[in-house]
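Trainee: Please work out how this folds:
(2 chains)
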Amino acid sequence: MDTGAESLIPFTGIGASVRRKEDLRFLSGRGHYTDDISRPGQTHVWFLRSPHAHARIVSVDTAAAARMPGVVAIFTGADTAADKIGGVPCGWLIHNKDGTPMREPPHPVLAHGKARFVGDAVAMVIAETRQQARDAAEAVAVEYEVLPGLASMAQALAPDAPAIHEEAPGNICYDWHIGDEAATDAAFARAKHVVTLELVNNRLIPNAMEPRSAIGDYDPTTGDHTLYTTSQNPHVIRLLMGAFVLNIPEHKLRVVAPDVGGGFGSKIFHYIEEAAVTWAAAKIARPVKWTADRTESFMTDAHGRDHVSVAKLALDEHGTFLGLRVSTQANMGAYLSTFSTSVPTYLYATLLAGVYTTPAIYAEVKAVFTNTVPVDAYRGAGRPEATFLLERLVDVVARDTGLDRLEIRRRNFIKPDQFPYQTPVALQYDSGDYFSTLEMGLKAADWAGFEARRAAAAAQGKLRGIGISTYLEACGIAPSAVVGALGARAGLYEVGTIRVHPTGSVTVLTGTHSHGQGHETTLAQLVCEQLGVPFDKVEIVHGDTAKIPFGMGTYGSRSLAVGGSAMVKAMDKIIAKAKRIAAHLMEASVEDIEFEKGVFRVAGTDKTKAFAEISLTAYVPHNYPIEELEPGLEETAFYDPKNFTYPGGCHIAEVEIEPETGHVRMVNFTAVDDVGRVINPMIVEGQVQGGVAQGIGQALLETCVYDGDGQLLSGSMMDYTLPRADDLAPVSVATHTTLCTHNPLGVKGCGEVGAIGSPPAVINAVVDALRDYDVRHVDMPATPAKIWSIIHGNARRVAAE
Amino acid sequence: MPQVTLTVNGKQHSVEVEGRTLLVELLREKLRLTGTHVGCDTSQCGACVVHVDGNSVKSCTTLAVAVDGASVTTIEGLAAADGTLHPMQEAFREYHALQCGFCTPGMVMSAVDLVQKHPEGLSEQEIREGLEGNLCRCTGYHNIVKAIDAAQEVMHGRSTSIAAAAE
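Mentor: Sure, this is the predicted structure:
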């Protein structure tokens, strides 16, 4: 029975926009990031990095540097090699078309023999202060024999290009494919139209605001190693670094990822600096700290995207899609980063059906080594590349065939009654309603009223355009058996422990990691909902392998779909056990115990026990079924997902171009996404807005630029244009929910939809704005220089009518 | 080594520094006030913004010796002594204007100075332009702009609370 007092407590369960628990510490300057940690006696590292993209390391002379003030130790690749330190591993094995495994050259912790990108670490200088380490690094004399730098895939694939790795002749990592080639050929043979589009997915530099940082600590008396690191997945780092690089068993290696200032994928991977400080701390028996400056972030954080593709779509006379053929080159950079190999394959080509019923798809992907920073997952990881290709292609099809761009989408959408829908590229979508998200988006963006706005803008001398993207993505990676069969070298379940304390408060230990997503709030809401425990009595703990049983971390929008589901499973166990205790206390049969809103009740009676009474009994088991039930109230569950989840929706961008400058101004952005059940609408809105901002950044502003020798030209925040507040327009966010059918919460994930859906919407709007200039495609980013050249280089097409 | 005497969040400190020591290093490493962050090395991101004698300053490009005798306020010193949040902090929380929290201290300090310097009030576009020196990679700025708009109403006495400003 609800009392008056209870109804005054604000609702904090599923669906409430609860303000975030974590905000108070962040707003008060009491966040606890890795660089805020200072270990007693800690030393500081400066990594000396190769200034050359490709060079043989002839010699490294550290003698003068070792005599510099404050220097504690200097290590080079020869030292790590002598200690038999392994390379940092790649987590996903891809097979070539012919069934042979990909080329997997080692990625040494410190470069040995050769440096393969500007930023490759050649020596680590350890000193009492960071400045001393930096000064001493200047005094390390490295003799390089400079080799030709292969900055682009075109250079690396040239017939006479030198091999970056002896193990990978021709600089090919793999040549992979998916889909039914014969069926796709047959579809093209009977096609009425074939539309071809060549496009580039521009290389991005993630730029989480917190630079990476790592502190190694070692206790010589116990042999315990600790690594504090800016990671999205501390258990994964423990597994990779302990097992593959440093040979430290799990029970002697603790990895702590405290507050982390944004990741966007770039902090998933096991980086060489983590292994270096952990190894060095044991060597010198003192803590060793490294924090990147932004310049190092630009040249060592894994970059994202960087695809060059040719796509061909076959259509019948009604505009129905018959077949899709895609050929992509994907840049791996100089070494294979942790998940690099999976991104342009299973996270990309499997998404090429999109929201359409294309019956035959064939895609081939060639992964290429270059003398650039390793490339890996960045917000969306593969799915933005697939979405950009597909949604641009559909607009080009509309343009080339004269069909309306909305009509051609509707004509080819998967219909609501076709779910579960099996695509020709391995995925089975469980749910979605693309017609509804489209209609909502068109209404919210006032698509119907656009031509009036275009005319009004034209009267002001501006070119206004509107663009749409109807996208789908795959989150919540993924059934372990499935990913294992595809080459993943890890399981992808998640772990949750629910620790109910004697007085009924709850600590949750989750294997996911929050670095901006608000897990301390959202995951607490799950506990409020399921156990009826007040919000302020729930604490979420994450980011420490010494506290959390296990976990795979946070990426691919998996925290709620996989991590939340693990919590639900653990809470189910809590409730099952608590019911047995309640049955004992109320002298009833366990089958007659009902549990709702934190109260156990004997069905059909007024006999009740509060949740806190049960938890107290569990820990003070004086009157307790001790023969059949252990004391305590704590449960752990591992949840292995049954499928990916498939968020999708409709993004609409409206832009205005100033012809005199070529500047593209974002006027409006509308996102209607189906992310499954929404736990905290405020947080979902924030995630979508942030993702869209990064998507707009990719479309209009950001791109990584190397010169022909492999020097990074966009290597600072003055050169790489991150979106600023006045570059962006308000983003209107709405959701339309179809539930995920295979996880207990019905959730799909919201972290990446913004970055996945938005870039083609923006470019489609830009191309639409330029419709009088005979523009078929614009590669990203649509910078003022590029747009100005189009406007002033193309004669304005005068409409015959 | 030079000695620098300065007041930080109302408390006086005398600290030995190197000539090249930056204000942010003094704050973070000598005074252990780690709320002020370093996000870049080109004075672009604004995560390091503090107030020096009432003006917002990028502490990553300010030499410690240059602020001898100055009064510095950091994010740790913004709330009232009893812990009551500054209206800007309250507004950031209410409007979900932060995600990972790393840019937040600098963003809040910049926003406070921006609003204080404009008692006449700022339009949405002026707020966006006023944030030129601060980068956020998480939020897309939308909620930051909303939060600053609400906070200026309270800071200039046009509204009694952030919740009321939201009406």
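Trainee: what's the closest residue in space to residue A:20 that isn't next to it in sequence in contact with, if anything?
Mentor: What sits nearest to residue A:20 in space, not counting adjacent residues and going by C-beta to C-beta, 6 or more residues apart in numbering or on different chains, is residue A:521, at 4.5 Å. (C-beta placed from N, C-alpha, C; glycine too.) Applying C-beta atoms under 8 Å, 6 or more residues apart in numbering or on different chains, we find residue A:521 in contact with A:18, A:19, A:20, A:21, A:22, A:680, A:683.
Trainee: and the residue in the stretch 401-550 of chain A positioned nearest to chain B, how many neighbours does it have?
Mentor: Chain B sits closest to residue A:516 of the stretch 401-550 of chain A, with a gap of 3.3 Å, by C-beta to the nearest C-beta. Using other C-beta atoms under 10 Å in any protein chain shown, the number of residues around residue A:516 comes to 29.
Trainee: helices and strands around the helix or strand containing residue A:763, which ones?
Mentor: Using DSSP states H and E, residue A:763 falls within helix A:753-769. Judged by 3 or more C-beta pairs under 8 Å, 6 or more residues apart in numbering or on different chains; DSSP states H and E, helix A:753-769 is in contact with helix A:383-401, strand A:463-472, strand A:648-658, strand A:663-674, helix A:681-696.
Trainee: Name the spans of the chain whose pLDDT lies under the cut-off.
Mentor: Just so you know, I chose chain A. Within chain A, the stretches with pLDDT under 70 are A:1-8, A:795-801.
Trainee: other chain: chain B
Mentor: B:166-167.
Trainee: in it, which spans are strands?
Mentor: All strands of chain B, identified by DSSP state E, fall at B:3-8, B:11-16, B:49-52, B:55-58, B:71-73.
Trainee: one step back: among the contacts of residue A:521, which lie within helices?
Mentor: Using DSSP state H, the subset of the contacts of residue A:521 located in helices is residue A:683.
Trainee: Up against chain B, what does the stretch 101-250 of chain A have?
Mentor: Selection of the stretch 101-250 of chain A residues close to chain B by C-beta under 8 Å from any C-beta of the partner chain yields A:131, A:207, A:208, A:209, A:210, A:211.
Trainee: From what I see, the fourth one and residue B:104 are in contact.
Mentor: No: here residue A:209 lies out of contact with residue B:104, judged by C-beta atoms under 8 Å, at a distance of 9.3 Å.
Trainee: Would you mind listing the buried residues in the longest helix seen in chain A?
Mentor: Using DSSP H, we find that the single longest helix of chain A is helix A:565-585. Going by neighbour count (16 or more other C-beta atoms under 10 Å in any protein chain shown), the buried part of helix A:565-585 is A:565-571, A:574-575, A:577-579, A:581-585.
Trainee: Likewise for stretch A:487-495?
Mentor: Neighbour-count burial for stretch A:487-495 [16+ other C-beta under 10 Å]: A:487, A:488, A:490, A:491, A:492, A:493, A:494, A:495.
Trainee: And stretch A:66-86, by the same measure?
Mentor: A:68, A:70-77, A:79-80, A:85-86.
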